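>>> This is a predicted model, with the sequence first.
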Amino acid sequence: MLKTRDLTKVYNENVLAVNKLNLKVEDGEIYVVLGGNGAGKSTTMSMLLNFIEPTSGTAFVNDIEIPKFPLEAKKHLAYVSENVELYRNFTARQNLSFFAKLGGRKSVSNAELDATLGRVGLPEAAFTRRVKTFSKGMRQRLGIAITIMKNAKAVLLDEPTSGLDPKGGADFLNLLRELKEEGTSIFMSTHDIFRAKEIADTIGILVQGNLELELTREEILKENLEALYLQYVAGYTPKADTAA
């Protein structure tokens, strides 16, 4: 489980990036946060990953307080960014082996590496190809393979489907559903309202660092999500239809 408690970040003493954020991602839940540029999504991710320290408040993963015990917390966290950072001259298998060992797996067989690469949809011919030849979608798949090998309790995803074609995006969401079924907590930021509606159990709308609205799965399916997003993020309220 991943949760925040009054999580706050102020830059330069007067720029409020995240304001007393309180949210919870249960085991086996996909929580998607929507928000425009500057909403605080990336700052929130950075605090959860302990890349930056909160000004006040705190966050937990698997009941471990992240700012106080960052090394222990990171054992339970995995991160896939919009542009997955990999060793370009390593093959897919070499990258997966390296990051598995970095995550604490001392001995991993090629059979297990290949099974994981196959699970995320990489063709067998790609296992021994250098990553610099991969498309963005293939790199995203490899990023999820690294997450699977780590057996992380919570996975953080920052705009993971940005730039993917429709099939690549759909395949990626299916991988997330598999992780959800295994009990993984998934926290994902995106601008993509339509994929958010398709995958999310809970959606939070973040505006200027404030969590303005949370929607359950039932509400996501019932509400006009695009209109709500525009209302909160752009201050736009759609006009009612009028007779000609």
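It's in.
>>> Now stretch 16-28 - C-alpha only, CSV.
The C-alpha atoms that make up stretch 16-28 are tabulated as CSV, following Å, rounded to 0.1, in the frame of the first residue of the first chain:
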residue,chain,number,x,y,z
LEU,A,16,3.8,25.9,-3.5
ALA,A,17,4.2,22.8,-5.7
VAL,A,18,2.2,20.3,-3.6
ASN,A,19,-0.2,21.3,-0.9
LYS,A,20,-1.1,18.9,2.0
LEU,A,21,-1.6,15.9,-0.3
ASN,A,22,-3.6,13.0,1.2
LEU,A,23,-4.2,10.0,-0.9
LYS,A,24,-4.0,6.2,-0.6
VAL,A,25,-3.4,3.5,-3.1
GLU,A,26,-4.5,0.1,-1.8
ASP,A,27,-3.0,-3.3,-2.7
GLY,A,28,-4.1,-4.3,-6.2
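>>> Give the buried residues for that stretch.
Neighbour counts using 16 or more other CB atoms under 10 Å place 17-19, 21, 23, 25 of stretch 16-28 among the buried residues. All C-beta spots, glycine's among them, are computed from the backbone N, C-alpha and C.
>>> nearest to residue 229, of these?
Lowest distance from residue 229 to the buried residues of stretch 16-28 (CB to CB) belongs to residue 23, with 17.3 Å.
>>> longest strand anywhere in this structure?
strand 2-11 (DSSP state E).
>>> partner strands of it, parallel or antiparallel?
strand 15-21 (antiparallel), strand 24-25 (antiparallel), strand 56-61 (antiparallel) (DSSP bridges).
>>> The last one: which residues count as buried?
Neighbour counts over strand 56-61 (16+ other CB under 10 Å) mark 57-61 as buried.
>>> cool, stretch 221-228 as well?
Those would be 225, 228, for stretch 221-228 by 16+ other CB under 10 Å.
>>> how long is that stretch from one end to the other?
Stretch 221-228 stretches 12 Å from its first residue to its last (CA to CA, to the nearest Å).
>>> contacts for it?
With CB atoms under 8 Å, 6 or more residues apart in numbering as the test, stretch 221-228 has contacts from 193, 196-197, 203, 205, 213, 215, 238.
>>> Averaged pLDDT, that stretch. What do you get?
Per-residue pLDDT over stretch 221-228 has a mean of 90.
>>> Centre of the chain to it, how far?
From the chain centre to the centre of stretch 221-228 is a distance of 22 Å (CA atoms, centre = their mean, to the nearest Å).
>>> which one is residue 168 nearest to, not counting chain neighbours?
Nearest residue to residue 168 in three dimensions, chain neighbours excluded: residue 137, at 3.5 Å (CB to CB, 6 or more residues apart in numbering).
>>> wait, is that neighbour part of a helix?
Yes: assessed by DSSP: H, G, I helix; E, B strand; the rest coil, residue 137 belongs to a helix.
>>> still on that earlier bit, take the contacts of stretch 221-228 and keep only those in strands.
Those of the contacts of stretch 221-228 lying in strands (DSSP E): 203, 205, 213, 215.
>>> Save the residues you listed as TSV, and put in pLDDT, distance to residue 110 and neighbour count too.
Output for the ones in strands among the contacts of stretch 221-228, formatted as TSV (pLDDT from 0 to 100; distance: CB to CB, whole Å; neighbours: other CB atoms under 10 Å):
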residue	pLDDT	distance to residue 110	neighbour count
203	97	40	26
205	94	45	22
213	94	47	17
215	96	44	22
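>>> Who are the contact partners of the residue nearest the centre of the chain?
Centroid-nearest residue in the chain, with CA atoms, centre = their mean: residue 157, separated by 1.6 Å. By CB under 8 Å, 6+ apart, the contact list for residue 157 reads 79-80, 176, 186-189.
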